[in-house]
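**Q** what shape does this take:
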Amino acid sequence: MELAVGYVRVKAFVGNVDRTSTVELDFLFDTGAFYTVIPQAIAEELGIRPYAKTSLTLADKRVVEAGVSLAYMRMLDREGILPVVILESPEPLLGTTALEGLGLKVDPSTGNVEHSRPYGLALL
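**A** I've put the predicted structure just below:
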């Protein structure tokens, strides 16, 4: 975990839903992001394919269309199958659905990922 000038970076494992292909990624945690964003090249490497499309509003207010899928994610001692979007991005972004789904939170003052509730996937 790295905290620098208001940015929180979080390491997490991501993979396809059957976990035959996983990789550890360094995510930028985005408190304003609902979805976790995985760049197209990483999604292709892991065999994560979009199931649907959705319109997203980016931080600069542009509206783009992106593929929506499911991915295996593991942080700390927690893991689950969570929604992600496949979108060209300079780096992977960790959205709130992943943290909420796994019962985790980021302490912005320390940059540490912590448990927010007992383990068990949440209904989103």
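
**Q** who does the single longest strand found in the chain pair up with?
**A** Criterion DSSP state E: the longest strand present in the chain is strand 63-75. The pairing partners recorded for strand 63-75 under DSSP bridges are strand 7-15 (antiparallel), strand 52-57 (antiparallel), strand 78-86 (antiparallel).

**Q** I figured residue 27 hits residue 13, correct?
**A** No - the pair residue 27 / residue 13 is not scored as a contact, 10.8 Å apart, by C-beta atoms under 8 Å. From N, CA and C alone the C-beta is placed, and that goes for glycine too.

**Q** higher neighbour count, those two?
**A** Shown here are residue 27 and residue 13; by other C-beta atoms under 10 Å, residue 27 has more neighbours (22 against 15).

**Q** contacts for stretch 11-20, please.
**A** 1, 21-27, 38, 42, 46-48, 70-75, 79, 81, 84, 92, 94, 98 (C-beta atoms under 8 Å, 6 or more residues apart in numbering).

**Q** drop anything exposed from these.
**A** 25, 27, 38, 42, 46, 48, 71-75, 79, 81, 84, 92, 94, 98 (16 or more other C-beta atoms under 10 Å).

**Q** picking up where we left off before, out of the strands paired with strand 63-75, nearest to residue 110?
**A** Taking C-beta to C-beta, strand 7-15 is the member of the strands paired with strand 63-75 nearest to residue 110, at 9.1 Å.

**Q** quick one: buried residues of the closest one?
**A** Here strand 7-15 shows 8, 10, 12, 14-15 as buried, counting by 16+ other C-beta under 10 Å.

**Q** average model confidence for it?
**A** Strand 7-15 comes out with an average pLDDT of 90.

**Q** I'd like the next helix or strand past that strand.
**A** Downstream of strand 7-15, the first helix or strand assigned by DSSP states H and E is strand 22-29.

**Q** re earlier: right, and the strands paired with strand 63-75 - which one's nearest residue 119?
**A** Going by C-beta to C-beta, the one of those nearest residue 119 is strand 78-86, 5.9 Å.

**Q** would you list the strands paired with strand 63-75 in JSON lines and tack on distance to residue 34?
**A** Below are those laid out as JSON lines (distance: least, C-beta to C-beta, whole Å):
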{"stretch": "strand 7-15", "distance to residue 34": "16"}
{"stretch": "strand 52-57", "distance to residue 34": "9"}
{"stretch": "strand 78-86", "distance to residue 34": "9"}
